[in-house]
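Enquirer: need a 3D model of the sequence below.
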Amino acid sequence: MDVPERTAFHQAGHAIATALRDRSSLRPLTITATDDLRDSTCHRSPGRDPGFVAWAGPWAQARAEWSEGPLDKVGDEFVFADHLLTAYLGGGHPDWVIVEQHFASLPWASMRAGTERVWGMELSRMWPAIQQVAEWLLVGEPVTDQRVRDLTDAEMA
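Expert: You can find the predicted model right below:
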């Protein structure tokens, strides 16, 4: 997968996660072909929403790169969680810091696994919408808060 495609999926994950949180809003989004993943998704997300929105970008990038079938399947050498960790640490973006701040604010460390599982299920259901937003980004179509919300509403119907 090339850099623009990785970037598109990463930013699409952030955009869909923002739309899934009613109190959050997304600024119009575009990507540029760069040699890294330093594009950003500008959003306003109150409370605990930034943790989910930050987690969703690397999740979508890792999901797009995962070619081993279901996310709970063990691949040749790795599991999906390995791909997710690589997306977090290899992108040079602040998502990891935001996610870690989110989990540090929870009263029990054991809540992390359950939270990540629920977030993964939520985003898996939205995978077709994430793919659509990534495609819009790759061809230069406008990605706005309303357009993404319409897409997520259609997926949930």
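
Enquirer: any idea how far residue 155 is from residue 115?
Expert: 21 Å (Cβ to Cβ, to the nearest Å). Just so you know, the C-beta spots here come from the backbone N, C-alpha and C atoms, and that holds for glycine as well.

Enquirer: tell me which element the residue lying closest to residue 60 once chain neighbours are set aside falls in.
Expert: In this structure, residue 60 finds its nearest non-sequential neighbour in residue 13, 2.7 Å apart by Cβ to Cβ, 6 or more residues apart in numbering. Using DSSP states H and E, residue 13 maps to helix 3-20.

Enquirer: in that helix, what counts as buried?
Expert: Buried residues in helix 3-20, counted by 16 or more other Cβ atoms under 10 Å: 4-20.

Enquirer: hey, where'd the helices end up in the chain?
Expert: For the chain, applying DSSP state H gives helices covering 3-20, 49-65, 80-90, 95-104, 111-125, 127-139, 145-156.

Enquirer: list the buried ones in stretch 103-117?
Expert: Those would be 115-116, for stretch 103-117 by 16+ other Cβ under 10 Å.

Enquirer: how far does it stretch from start to finish?
Expert: One end of stretch 103-117 sits 13 Å from the other (Cα to Cα, to the nearest Å).

Enquirer: what's the least confident stretch among the helices of the chain?
Expert: With a mean of 76, helix 80-90 has the lowest mean pLDDT of the helices of the chain.

Enquirer: what helices or strands is it leaning on?
Expert: helix 49-65, helix 95-104 (3 or more Cβ pairs under 8 Å, 6 or more residues apart in numbering; DSSP states H and E).

Enquirer: extract the CA atoms of that helix and return them as PDB.
Expert: The C-alpha coordinates for helix 80-90 follow below in PDB (Å, rounded to 0.1, in the frame of the first residue of the first chain):
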ATOM      1  CA  PHE A  80      -4.000  -7.700  13.700                       C
ATOM      2  CA  ALA A  81      -2.900  -6.000  17.000                       C
ATOM      3  CA  ASP A  82       0.600  -6.100  15.700                       C
ATOM      4  CA  HIS A  83      -0.400  -4.200  12.600                       C
ATOM      5  CA  LEU A  84      -2.300  -1.700  14.700                       C
ATOM      6  CA  LEU A  85       0.800  -1.100  16.900                       C
ATOM      7  CA  THR A  86       2.900  -0.600  13.800                       C
ATOM      8  CA  ALA A  87       0.400   2.000  12.500                       C
ATOM      9  CA  TYR A  88       0.600   3.800  15.800                       C
ATOM     10  CA  LEU A  89       4.300   3.800  16.200                       C
ATOM     11  CA  GLY A  90       5.300   4.100  12.600                       C
END
